[in-house]
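Peer 1: The following comprises the amino acid sequence and a computationally predicted model.
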Amino acid sequence: MVQASAVNIPSLSAGNFATVYNLFSLAIACLLFTALYLVVSQRQVAKQYRNAVIVSATVCAIAAYHYFRIFNNFEASYPAGETIDSAHQLSNIEFNEGYRYVDWFLTVPLLLLETVAVLALGRAASKKLLFKLIPASALMIALGYPGEITNEVVPRLVWGTLSTIPFLYLLYVLFVELSKSLDRQPEEVKHTIKMLRIALVGLWGVYPIAYLFPILGGDFFGGEGGFVLKQAGYSIADILAKAAYGLAIYKVARTKSRIEDPEYDDHPDTVHDGSHQAIVDEPVGASRAGRANRTARTS
């Protein structure tokens with residue numbers, strides 16, 4: 001069997017170790033504090049959109065937990081040398097890519113769930129879409145894992161090809177069937193949702209590219225460079241596809257809430273009274289009756 005490169009890297013230079021170390025730290029910070037922000041902010045959106053925000057927070061929290069595990073595993077796999085500039089030799093603890101796949105197996109279906117939830121399509125339409133999207137996403141991750149952990153090129157290619165089949169099906173559903181639902185969305189968020197769909201698929205494209213690095217081999221892709229580039233690609237894609245995507249979902253939910261219910265408009269009311277204006281600060285969630293009474297009193 002032809003062996004794949006860049007699966008078990010025997011050592012990392014101090015600079016390469018620091019690069020991966022800092023990327024993992026950045027991912028933890030972005031994901032953890034995005035999750036906290038979304039939990040705190042979920043009452044700023046209407047009830048029908050809160051599930052989307054809570055799911056976004058859950059995705060970020062799950063990913064942050066797994067990055068803690070990846071971070072600790074990386075330190076144990078490549079302990080420090082005798083000096084600051086010494087190479088970090090691989091220990092008897094293998095660097096485990098399984099943490100990533102467990103994370104993706106949980107978070108990728110949830111990413112699709114939050115996308116459908118923020119559209120508020122109705123129960124029947126949502127169930128129909130989720131029935132197509134979630135099993136396909138789970139199958140895509142499950143089929144990719146055996147290829148990720150093998151040292152042999154042919155099995156890696158076989159499992160990668162099998163994983164690509166549900167991935168292509170997801171593209172079809174996201175770009176063809178989901179497009180039908182966009183006509184029912186407000187104009188203020190329609191463009192944002194279209195861009196989110198494109199961004200999600202584009203970011204997912206990073207993962208199969210990084211998956212192929214061990215097959216490409218060579219001095220760069222088959223050695224430290226390929227390992228560092230793969231970890232960088234996975235980490236940055238996770239930050240954008242989970243933390244940044246979650247914040248964009250929150251923005252859509254916030255905009256739709258303001259359009260559908262003035263109670264969620266965080267701008268102060270302006271009441272004209274002859275030659276002057278009275279500004280009434282309206283807290284989010286205040287009742288319409290209370291707002292009407294204050295307006296009458298100001299007048």
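Peer 2: In hand now; what should we look at? None of the values given here were measured: they were computed from a predicted structure.

Peer 1: Tell me how many other residues surround F221.
Peer 2: Burial measure for F221: 18 neighbouring residues, criterion other C-beta atoms under 10 Å. Yep, even glycine has a C-beta here, placed from its N, CA and C like the rest.

Peer 1: That one touches A210, doesn't it?
Peer 2: No - in this structure, F221 is not within contact of A210 by C-beta atoms under 8 Å, at 10.0 Å.

Peer 1: Quick check: neighbours shared by these two?
Peer 2: L229 (C-beta atoms under 8 Å, 6 or more residues apart in numbering).

Peer 1: Now do the strands in the chain.
Peer 2: Ranges of strands in the chain, per DSSP state E, are 11-12, 88-89, 269-273, 276-280.

Peer 1: Residues contacting the second one, please?
Peer 2: When you say that, I think you mean strand 88-89. 10-14, 17, 78-81.

Peer 1: and with 6 Å instead?
Peer 2: Residues outside strand 88-89 that contact it (C-beta atoms under 6 Å, 6 or more residues apart in numbering): 11-12, 17, 78.

Peer 1: same thing with the first one?
Peer 2: Outside strand 11-12, the residues that touch it by C-beta under 6 Å, 6+ apart are 78, 87-89, 224.

Peer 1: and if we set it to 7 Å?
Peer 2: Strand 11-12 is contacted from outside by 78, 87-90, 224, using C-beta atoms under 7 Å, 6 or more residues apart in numbering.

Peer 1: Check stretch 168-183 too.
Peer 2: Under the criterion C-beta under 7 Å, 6+ apart, residues 119, 121, 125, 129, 132-133, 136-137, 140, 190, 193-194, 197, 201 lie in contact with stretch 168-183.

Peer 1: which pair in those spans the largest distance?
Peer 2: Using C-beta to C-beta, the two most remote members of these are M140 and K190, lying 27.5 Å apart.

Peer 1: OK, contacts around the residue nearest to I84 when sequence neighbours are not counted?
Peer 2: Leaving aside its chain neighbours, I84 sits nearest to A14 (6.5 Å; criterion: C-beta to C-beta, 6 or more residues apart in numbering). When contacts are counted by C-beta under 7 Å, 6+ apart, A14 touches 84-87.

Peer 1: Show me just the buried residues among those.
Peer 2: The neighbour count (16 or more other C-beta atoms under 10 Å) marks A87 as buried among the contacts of A14.

Peer 1: Put together a markdown table for the contacts of A14, with distance to Q42 on each row.
Peer 2: Listed next are the contacts of A14 as a markdown table, based on distance: C-beta to C-beta, whole Å:
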| residue | distance to Q42 |
| --- | --- |
| I84 | 45 |
| D85 | 47 |
| S86 | 47 |
| A87 | 46 |
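
Peer 1: what would the contacts of A14 look like in CSV with distance to F71 and pLDDT?
Peer 2: Shown next, in CSV, are the contacts of A14 (distance: C-beta to C-beta, whole Å; pLDDT from 0 to 100):
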residue, distance to F71, pLDDT
I84, 20, 91
D85, 22, 90
S86, 21, 91
A87, 20, 92
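
Peer 1: still on that earlier bit, return the member of the contacts of strand 88-89 nearest to L216.
Peer 2: For those, the minimum distance to L216 (C-beta to C-beta) is 19.1 Å, reached by L12.

Peer 1: So what sits opposite the closest one in the bridge?
Peer 2: Beta-bridge partners for L12, by DSSP bridges, are H88.

Peer 1: What segments of the stretch 1-150 of the chain are helices?
Peer 2: For the stretch 1-150 of the chain, the helices defined by DSSP state H, counting those that start in this stretch cover 14-41, 47-77, 98-119, 123-149.

Peer 1: Let me know the angle separating the longest one from helix 98-119.
Peer 2: Per axes from the mean of the first three to the mean of the last three C-alpha atoms, to 10 degrees, the angle that helix 47-77 makes with helix 98-119 is 170 degrees.

Peer 1: Give me the helices and strands touching helix 47-77, please.
Peer 2: helix 14-41, helix 98-119, helix 245-260 (3 or more C-beta pairs under 7 Å, 6 or more residues apart in numbering; DSSP states H and E).

Peer 1: Export the ones you listed to TSV and append columns for mean pLDDT and distance to S179.
Peer 2: Below are the helices and strands packed on helix 47-77 laid out as TSV (pLDDT from 0 to 100; distance: least, C-beta to C-beta, whole Å):
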stretch	mean pLDDT	distance to S179
helix 14-41	96	27
helix 98-119	90	12
helix 245-260	88	16
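
Peer 1: That concludes my questions; thank you for your assistance.
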